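[1] below are the sequence and a predicted model for it; my questions follow.
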Amino acid sequence: MWTEEEPSFRGRYFTIEKAYNNPRPLQKPHPPIMIGGAGSKLLEVAAAEADIVNFIPPIFHGRDVLGDPAAAVRFDRADLKRRIEKLKQFAAKAGRDPRAIEISGLVLLSLSKDQGRADAAVKETASRMGFPDAATARRAPVLLTGTPEEVKREVRARLEEFGMTSYIVVPVSEESHELLVREIIPEFA
């Protein structure tokens, strides 16, 4: 559908005749394929097929990060590093250059210009999600929290440590959204 005028498909379970997709993507031969997750089977498929892997905590019982905050607490930097290494191993096994796969992350973003409010927000988040303390929450791959300068440092640290070049961001407040747009994004554009 991304490369043909009137694509058709006949498969075991379904058939498609003249499936139009207009407008077609500008990227050639197709838009980047992103696969999100962190489980071994998913990473194996992503290593063979994806252009971008968006790492999120492994999900159990059909609940996401917000529905299962304990999964976010368990998903620490060491676990993320192990899963990225597993992705690289699967990519090499699939005959792909592991560096050809972009590393991305899903994060809850809490920003404040005021250091006191930023510190209070991370303590509240740590308590609500079950992190043992604010310092552990600040290091968690699923959170970006603090002042704009602290978050910029953390984004740079994740680029260096994990090769993480993009994020799916969930701002937790209007202030977080505004500061993301005005102060964080321009720094990395």
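    That came through fine.
[2] who's in contact with residue 176?
    Each residue near residue 176 by CB atoms under 8 Å, 6 or more residues apart in numbering is listed here: 109-112. No exception for glycine: its C-beta is placed from N, CA and C like everyone else's.
[3] tell me which residue is most central in this protein.
    residue 105 (2.0 Å; CA atoms, centre = their mean).
[4] quick one, phi/psi of that residue?
    When read as degrees, to the nearest 10, the backbone of residue 105 gives phi -140, psi 150.
[5] I figured it was touching residue 52, is that so?
    No. Contact criterion CB atoms under 8 Å: residue 105 and residue 52 do not qualify, at 10.7 Å.
[6] give me the common contacts of the two.
    A shared contact of residue 105 and residue 52, defined by CB under 8 Å, 6+ apart, is any residue touching both; here these are residue 166.
[7] show the pLDDT at residue 64.
    The per-residue pLDDT reported for residue 64 equals 61.
[8] I meant residue 79, not that one.
    Predicted confidence (pLDDT) for residue 79: 95.
[9] same question for the one 5 residues further on.
    What the model reports for residue 84 is a pLDDT of 98.
[10] break this protein down into its domains, please.
    The chain is divided into the following domains under automatic domain parsing: 1-31, 32-188.
[11] tell me the most buried of the ones you listed?
    The highest mean neighbour count among the domains of the chain, using mean count of other CB atoms under 10 Å, belongs to domain 32-188: a mean of 16.
[12] so how far is it from its chain's centroid?
    Offset of domain 32-188 from its chain centre (CA atoms, centre = their mean, to the nearest Å): 5 Å.
[13] span of it from start to end?
    The first and last residues of domain 32-188 sit 20 Å apart, counting by CA to CA, to the nearest Å.
[14] tell me where the protein has strands.
    In chain order, the chain shows strands spanning 9-10, 15-16, 34-36, 52-55, 102-111, 143-146, 164-171, with DSSP state E as the criterion.
[15] give me the contacts around the second one.
    Spelled out, it's strand 15-16. Under CB under 8 Å, 6+ apart, the answer for strand 15-16 is 7-9.
[16] run the last query once more with 7 Å
    The set of residues external to strand 15-16 that reach it, using CB atoms under 7 Å, 6 or more residues apart in numbering, is 8-9.
[17] repeat that for the longest one.
    Identification of contacts with strand 102-111 by CB under 7 Å, 6+ apart yields 34, 36, 51-56, 65, 84, 121-122, 125, 141-145, 148, 151, 162-173, 175-176, 179-180.
[18] so for it, mean pLDDT?
    When pLDDT is averaged along strand 102-111, the result is 96.
[19] what strands flank that strand, and is each parallel or antiparallel?
    According to DSSP bridges, strand 102-111 has the following sheet partners: strand 52-55 (parallel), strand 143-146 (parallel), strand 164-171 (parallel).
[20] much appreciated, bye for now.
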